[in-house]
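Enquirer: Any chance you could fold what I've pasted below:
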Amino acid sequence: MLATDFRTGSPNWLDLGSPDTTGAAAFYGVVFGWEFVSAGPDAGGYGFFHKGGKTVAAMGPLMDEGAEPAWMVYFQTPDIQTTAKAVEQGGGQVRAEPMDVMGEGWLAQFTDPGGAEFAVWQPGKTKGLGVASADNTLCWVELHTADPVAAIAFYRTLFGWRSQEMDAPGMTYRVLSVGEGDQQDGSFGGVAPLQESDDTRWVPYFAVADVDAIATAVAENGGTVLMPGVDVPDVGRIAWLADTSGAVFAVLRPNPQQ
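Expert: Have a look, this model is predicted:
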């Protein structure tokens, strides 16, 4: 599960691009108890979701024409320029060139060769999220892609990730870990083969105490339950959901709960 001792390749930031930031702030406020705090008048509508006074995610308005509402997962890099070059050399696309964010850090956004969008954050004054793996915070990230083996090879060149296969219902699931330290302790996400009804993308999972209560809250507040709560052996109970604008996310009650 995720921690905030970020290392190379760790998910260290998460933000939502939404066409209705006011509505999204209200939605996630009800569902997760988050408070949206503006980053200021010069931030273009960007701001932070807080829980217990700590940043758990961020949000901004969609800026690019044709962009769809979505959560964006950021991974830590010690050298954003080198990472951008490696993305291009590996067959990916640079969608947003590396930029300095007012001394807080550097960001860049990419698309991997399989079509999944992701981003990187090189920490400055802001190291990353303030809390992870507690209730109603990010605990896991998952890539859905048509060619898991090729995807893992691509990301390994960027971040040195390790992977381990595990059996899952109807598929081979691959657990991802950062490249340093104990492999199990460094696990943060997984890769699943693309299903017919799914899109190529990274999906954030939020830890929750009650998956079914969260799904009910989503449905009652204008969101969509894409997959109702289901128990996954040796993992926990999960559900797939979408917010009022269609941005997809998932929730997980780990088993045993951590």
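Enquirer: Could you work out the end-to-end span of stretch 166-185 for me?
Expert: This stretch, stretch 166-185, spans 16 Å end to end (C-alpha to C-alpha, to the nearest Å).
Enquirer: and what of stretch 173-184?
Expert: Taking C-alpha to C-alpha, the span from the opening residue of stretch 173-184 to its closing residue is 15 Å.
Enquirer: Need the residues that contact it.
Expert: The list of residues contacting stretch 173-184 from outside it, by C-beta atoms under 8 Å, 6 or more residues apart in numbering, reads 7-10, 148, 152, 155, 159-167, 186-192. The C-beta positions use only the backbone N, C-alpha and C, and glycine is treated the same way.
Enquirer: Quick one, which of the residues you listed are buried?
Expert: By neighbour count, with 16 or more other C-beta atoms under 10 Å, these hold 7-10, 148, 152, 155, 159, 161-163, 186-192 as buried.
Enquirer: Among the residues you listed, which lie within helices?
Expert: With helices defined by DSSP state H, the entries of the buried ones among the contacts of stretch 173-184 inside them are 148, 152, 155, 159.
Enquirer: Which of these sits closest to residue 250?
Expert: residue 148 (17.7 Å; C-beta to C-beta).
Enquirer: Quick check: the closest one touching residue 171?
Expert: No. Under the criterion of C-beta atoms under 8 Å, residue 148 makes no contact with residue 171, lying 9.2 Å away.
Enquirer: shared neighbours of those two, which are they?
Expert: Common neighbours of residue 148 and residue 171, counting by C-beta under 8 Å, 6+ apart, are 192-193.
Enquirer: Okay, now the unreliable bits of the stretch 101-250 of the chain?
Expert: By pLDDT under 70, the stretch 101-250 of the chain has no low-scoring segment.
Enquirer: Do a quick rundown of the helices in it.
Expert: Chain-ordered helices for the stretch 101-250 of the chain, with DSSP state H, counting those that start in this stretch as the definition, fall at 148-159, 211-220.
Enquirer: Any chance of JSON lines for those helices, columns distance to residue 17?
Expert: Below are the helices of the stretch 101-250 of the chain laid out as JSON lines (distance: least, C-beta to C-beta, whole Å):
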{"stretch": "helix 148-159", "distance to residue 17": "22"}
{"stretch": "helix 211-220", "distance to residue 17": "19"}
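Enquirer: Of the ones you listed, which is nearest residue 53?
Expert: Of all the helices of the stretch 101-250 of the chain, it is helix 211-220 that lies closest to residue 53, at 21.8 Å by C-beta to C-beta.
Enquirer: Dump the C-alpha coordinates for that closest one into PDB.
Expert: This file holds the C-alpha atoms of helix 211-220, laid out as PDB (Å, rounded to 0.1, in the frame of the first residue of the first chain):
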ATOM      1  CA  VAL A 211     -17.300   0.200   0.200                       C
ATOM      2  CA  ASP A 212     -21.000  -0.200  -0.100                       C
ATOM      3  CA  ALA A 213     -21.800   2.900   1.800                       C
ATOM      4  CA  ILE A 214     -19.500   4.900  -0.500                       C
ATOM      5  CA  ALA A 215     -21.100   3.400  -3.600                       C
ATOM      6  CA  THR A 216     -24.500   4.400  -2.200                       C
ATOM      7  CA  ALA A 217     -23.300   8.000  -1.500                       C
ATOM      8  CA  VAL A 218     -21.900   8.200  -5.100                       C
ATOM      9  CA  ALA A 219     -25.300   7.100  -6.600                       C
ATOM     10  CA  GLU A 220     -27.300   9.400  -4.300                       C
END
